[in-house]
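Asker: I need the structure of the sequence given here:
(chains A and B, ligands or ions: 3)
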Amino acid sequence: MQIDRFEKRVLMISGALVAVFIFSMLYARSKYNDLPACIPFNKTYTEPKVTKLDDKTYQVFAVAQMWQFQPAQIYIPVGSDVDFYLTSKDVVHGFFISEKNVNMMAVYGNINKQTVKFDKPGVYKITCHEYCGTGHQNMQAEVIVNDPAAR
Amino acid sequence: MMTENTNANQNALSLGDWQLSPWLKRIIYWELGIPLALLSIGIYHGLMQVIYRAGVLHQSAFAGLDYYQGLTLHGVINAIVLTTFFAVAFGHATITFYLKREPTKTLTLLSFWFMVIGTLMAAWAMLSGKASVLYTFYPPLKGHPLFYLGTALLIVGSWFPLFDWSRLYRQWKRENPETKTPLAVLGTLVNFIIWFVCTLAVAYEVLVVILPWALGYKPTVNVTLARTLFWFFGHALVYFWLLPAYVMYYNFLPKLAGGKLYSDMAGRIAAFLFLIYSVPVGVHHQFSDPSITKGIKLFQSILTFGVTIPSFITAFTIAASLEYAGRKRGAKGLLGFFTKLPYLDTDRYLFAYLICGLFLFIFGGLTGIVNASSELNNTIHNSAWIPGHFHMTVAGPVFLGIIGMSLYLYQTTSGKKLFMSKVAVIIPYLWVIGILIFSTGLSWGGLIGEPRRTNLGLTYLNPKSELFTPEWVPTTMLGLLGGIIMFIAGIMFLVVFFGTMLKKRSAEGMLTFPVSEALHDEKRIPLFDKFKPWLAAMAVILVIAYVPAFVDATKNPGPGAPRFTPDNPVPVQTEQPSATTTTGLTKPLSFNKN
Ligand code: HEM
Ligand SMILES: [Cu+2]
Ligand SMILES: [Cu+2]
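Answerer: Ligands and ions are numbered 1, 2, ... in the order given. So this is what the prediction gives:
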C-alpha cells in the first residue's frame, strides 16, 4: 500500500499531537496528582466531621444527601492541605469547588478522596453538580478559609 | 426491480437510482417523521432550559412541566429517540441503495414496532412525571419501570436491522468477492456493530441490574457497577450518533461540493479505527467517580486520545476533498477554495447542512480533547462546559446531518419539491450562529463554576435567593440568546419538513444519493475489506480496557443502595426490608445551610 505524500504528513502530525497530549497529561499528573482517589468502602467515612491532623493538615469527612452537604460550613486556616473524603447517603451527588479544581462524585456505598491546598483566604463554594432530585439547585456548602469576615 | 442488482462488471458498482418498494418507503417515512414530530417537544424544552437557566423564570415548573422533567424529555427525545430512529432509517436507505437489495419486510416491521412501542412507553413515563431521572437514569434515583422497559425496547428494536443488513451484505459479497465494499455500507455496518456491542451493556444494566430493583424484587443496587455499565454504552452512543454524519461527509459531501473524495482508503481506516477504539473508552466519563483506580483512568484517557486519530484523518480527507472541489472551480491560493463552494445553492441544500455541521465539529473536537484529558477534566466535569461541548457535536454535525438528510431522503424519494427552499438553505447557518453563541455562554459558564443540569433560575440566578451568583448572569444570558436563535432555526426546519410533506408530488420519487467518486481510488486491500480481524481486535481491547474497571466496580463499593424517588430523601420501602434501607434519615430535610 503506497501512502499519499500529504496523508503521510498528516498522519505524522496527528501522531505527534496525540503524543504531546499524552505527555502533558502525564506531566500534570506527576506534578499535581489531583485526581479523585479510589478508596474501598469503610463505614468511618460516613459520619460528617472535620478533623485537624496538625496545624497545616485537615481532614474533612463530607456527606452529601438530598439536598445538603454536611458539614455545611468548613473553617480552615490559610495554607492548609485538606483531604476531602466524600460519600453520599442516598442518590448520586456532585462535589465541585470550581476555583480549586476539586471535582468529585458522591456515590452511595463509595468513598471518594481528593486533596487540595487552600493558600488564599476567602469563601469557596461547594456546589452539587449532579442532578440529585427536585432540590438539586439548593445544594451548596462553603469552605471558609481564614476570613470569617468575608461571609 | 430486483433484477438490476448484480453488475456485469465485477469491479464497478452500479449506483443508479432505486425505486423503493412502497412498504419500505412508508416505513422509512415514519421512521423519519415520528422522531421529527417529537423533536418539537425536544426543542421546546431546550428553549425552556435556557430561559430557566438565565433566571428569567424563578419557578420549578412552567405550564405543568418541571425543569428536570423537561430535561429528561429533551435528552431522551433529542439524543436517543431521534438519533436511533434516524440511524435505522438512513441505514435502510444506504444499504438498499448501495447493495441494490431490500431488507425483509417482517424483520423491518418488527424493528419498527419495537421502537415505536418502546418510545411510547418511555414517553408516557416521562410526560406523566414518573421518570424525571434524566437520560442517564443513574440509580439509586428511581424512575417508573416502563421508562426502563421502553428504552430497552427501543434499543432492541434497533438491533434487528443489523442482522438483516449483514445477511444482505454477505450475499452481496458472495456475488462480488473482488469488489471493494462500498464505503457507505462499511460505515453503516461498523456503526451498528458498535451499537450492538455497546448496547449489550446497557441492556444488561437495565434488565438485570435496574429493573428487578426498580420493581422491588431486589432491595439494593450497586451504583458504581450501574454507572460503569451505563458509560460502556454511553460513550459509544456518541459514535453511533456521529457515524451517519461521517458516512455523509465521506460519500456525499465531496460530490455536493462539485469534487471528489480525496481518499477512499482514509475512510475505511477511519471506520475501522472507530470500531476498535470507540467502545472501550467509556470510563473517561468516570474520572471523578470513586472506586475506579487512577491507573484505569489514565489508561482510558490515553485510549481516548486514540479516537482523535480517525477524526484527524477525517478532517484532513474532507478538507482535501473540498479543496479539490474549490480548485476545480478556479480557486486560487492556500485557502481560496473556501470562497468557491455552493453555500447557498437551493438545488444542493444538503451541502449547507453538512458544511455547517463540519464547521461546528472543529469546536466540538477541540473542547472534547479537554474533556478527554483526565487532568483537565477536573476543571470542567459536570459543569456547564459539558453541554457547551456536546451541543457542538451532537447538536452540530450530528443534528444537522440528521435533519438535512431527513429532508433530502424524504424529498427525493417522494418526488416532491422543497417547501420554502430559500429558507431551507439558510436554516443551518442560523443554527451555527445560535450554537456558537449558546456554547460560548455555556463553556465560559462552566469555566467559572456553573453546574450543568441545574435549574439555576430557582436559586443561583434568583436575586432573592441567598445562593444568588451574579458572575453567572452574563454567561447564562449568552446561552439564552443563542438558545432562542437555535429554537427559531429548529422550528423553521420543522415547517420546511412538514410543509414539504404536504406538497403535491411533482416527479417520480427515487432513492438516489450524490455519490462521490474517489480521487485516489486505491486497490482493494483485503484487510480493509473484512470485518473479522477488526472484530477480534475490538474484543481484545475491550477485555483489556474493561475487565479491570468492572473488577473495581464490584470490589471497592460497600453495601448497595436502596431506591429513592427524585422528590424525597427517604428511601422507598421495599417489600423485604433489608439492613441497608435505613440510611439514618427519618424526616425530609430542609436545605438551609445550617
Ligand atoms: C433549540 C435548541 C436547543 C436548545 C436551546 C438546547 C438547550 C439545552 C440546554 C440549556 C441544556 C442543558 C440543561 C442543563 O444542563 O441544565 C441541554 C442539554 C442537552 N441537550 Fe440541548 N438544546 C437544544 C437542542 C438540542 C439538540 C438538537 C440535541 C441533540 C440532538 C440536544 C441534546 C441535548 C442533550 C443530550 C442534553 C443533555 C441532557 C442531560 O444533561 O441530561 N439539544 N440542551
Ligand atoms: Cu446533590
Ligand atoms: Cu445535585
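Asker: can we go C-alpha only for contacts and neighbour counts from here?
Answerer: Noted.
Asker: what pairs with the residue in the stretch 101-250 of chain B that ligand 3 sits nearest to across the strands?
Answerer: Closest residue of the stretch 101-250 of chain B to ligand 3, CA to the ion: B:L141 (11.6 Å). With DSSP bridges as the criterion, B:L141 is bridged to B:F564.
Asker: How much space separates it from B:A214?
Answerer: 9 Å (CA to CA, to the nearest Å).
Asker: between the two, what contacts are shared?
Answerer: B:R563 (CA atoms under 8 Å, 6 or more residues apart in numbering or on different chains).
Asker: Quick check, pLDDT for the residue of the stretch 251-400 of chain B at minimum distance from ligand 1.
Answerer: Nearest residue of the stretch 251-400 of chain B to ligand 1, counting by CA to the nearest ligand atom: B:A395, 4.4 Å away. Predicted confidence (pLDDT) for B:A395: 93.
Asker: what's the answer for B:I309, then?
Answerer: For B:I309, pLDDT reads 82.
Asker: ok now do it, which residues does it touch?
Answerer: Applying CA under 8 Å, 6+ apart, the residues contacting B:I309 are A:14-15, B:270.
Asker: go again using 7 Å as the cut-off
Answerer: A:S14 (CA atoms under 7 Å, 6 or more residues apart in numbering or on different chains).
Asker: Any figure for the gap between A:Q73 and B:I435?
Answerer: Per CA to CA, A:Q73 is found 38 Å from B:I435.
Asker: So those two - more neighbours on which side?
Answerer: Set A:Q73 next to B:I435 and count neighbours by other CA atoms under 10 Å in any protein chain shown: B:I435 wins out with 25 against 18.
Asker: which SS state does the more buried one fall under?
Answerer: Secondary structure assignment for B:I435 (DSSP: H, G, I helix; E, B strand; the rest coil): helix.
Asker: okay, the nearest residue to B:M492 once chain neighbours are set aside: pLDDT?
Answerer: Spatially, and ignoring its direct neighbours in sequence, B:M492 is nearest to B:I427 (7.1 Å; CA to CA, 6 or more residues apart in numbering or on different chains). With respect to pLDDT, B:I427 has a value of 95.
Asker: about what we covered before: count of neighbours near the residue of the stretch 251-400 of chain B closest to ligand 1?
Answerer: Counted with other CA under 10 Å, B:A395 comes out at 24.
Asker: B:I296 too?
Answerer: With other CA under 10 Å as criterion, B:I296 counts 18.
Asker: Could you check which helix or strand contains it?
Answerer: Element membership for B:I296, per DSSP states H and E: helix B:294-328.
Asker: pLDDT weak spots in chain A?
Answerer: A:1-3, A:32-34, A:147-151 (pLDDT under 70).
Asker: Would you mind stating the distance between B:P244 and ligand 2?
Answerer: As judged by CA to the ion, to the nearest Å, B:P244 and ligand 2 stand 36 Å apart.
Asker: how would you label that residue: helix, strand or coil?
Answerer: helix.
Asker: State the pLDDT value of the nearest residue to it once chain neighbours are set aside.
Answerer: Nearest residue to B:P244, sequence neighbours excluded (CA to CA, 6+ apart): B:A87, at 6.6 Å. Note for B:A87: predicted pLDDT of 95.
Asker: where's B:A87 relative to B:G333, distance?
Answerer: B:A87 is 39 Å from B:G333, by CA to CA.
Asker: between those two, who's got more neighbours?
Answerer: Shown here are B:A87 and B:G333; by other CA under 10 Å, B:A87 has more neighbours (24 against 7).
Asker: SS state for the more buried one?
Answerer: Strictly by three-state DSSP, B:A87 counts as helix.
Asker: Low-confidence regions, chain B specifically.
Answerer: Ranges of chain B meeting pLDDT under 70: B:1-14, B:574-594.
Asker: just the strands in it please.
Answerer: B:61-62, B:65-66, B:261-263, B:518-520 (DSSP state E).
Asker: wait, does stretch B:565-576 contact ligand 2?
Answerer: No - Stretch B:565-576 does not reach ligand 2 (CA under 5 Å from the ion); its nearest approach is 10.8 Å.
Asker: And that stretch, how far out from the chain middle?
Answerer: 33 Å (CA atoms, centre = their mean, to the nearest Å).
Asker: Show me what counts as buried in it.
Answerer: B:565-566, B:568-572, B:574 (16 or more other CA atoms under 10 Å in any protein chain shown).
Asker: neighbours around A:K31, how many?
Answerer: A:K31, neighbours per other CA under 10 Å, totals 9.
Asker: Next, the angle from the helix or strand encompassing it to helix B:294-328.
Answerer: Assigned by DSSP H and E, A:K31 belongs to helix A:5-32. Going by axes from the mean of the first three to the mean of the last three CA atoms, to 10 degrees, helix A:5-32 is angled at 150 degrees with respect to helix B:294-328.
Asker: name the helices or strands packed onto helix A:5-32?
Answerer: Packing partners of helix A:5-32 (3 or more CA pairs under 7 Å, 6 or more residues apart in numbering or on different chains; DSSP states H and E): helix B:294-328, helix B:374-380.
Asker: Tell me which of those helices lies nearest to ligand 3.
Answerer: That would be helix B:374-380 among the helices and strands packed on helix A:5-32, by CA to the ion, at 15.9 Å.
Asker: what separates B:T367 from B:V185, distance-wise?
Answerer: B:T367 is 30 Å from B:V185, by CA to CA.
Asker: For ligand 3, what is the nearest residue in chain B?
Answerer: B:T454 (7.7 Å).
Asker: Once you drop chain neighbours, what's closest to that residue?
Answerer: Closest to B:T454 by CA to CA, 6+ apart is A:Q137, at 5.6 Å.
Asker: which residues touch the residue nearest the centre of chain B?
Answerer: For chain B, the residue nearest the mean C-alpha position is B:W241 (3.1 Å; CA atoms, centre = their mean). Contact analysis of B:W241 by CA under 7 Å, 6+ apart lists B:83, B:398.
Asker: Please parse chain A into its domains.
Answerer: A:1-33, A:37-150 (automatic domain parsing).
Asker: So which of the ones you listed is nearest B:R505?
Answerer: domain A:1-33 (45.6 Å; CA to CA).
Asker: which parts of the closest one are buried?
Answerer: A:7, A:10-11, A:14-15, A:18, A:21-22, A:25-26.
Asker: Name the residues of chain A found near ligand 2, please.
Answerer: Going by CA under 5 Å from the ion, the residues of chain A near ligand 2 are A:93, A:128, A:132.
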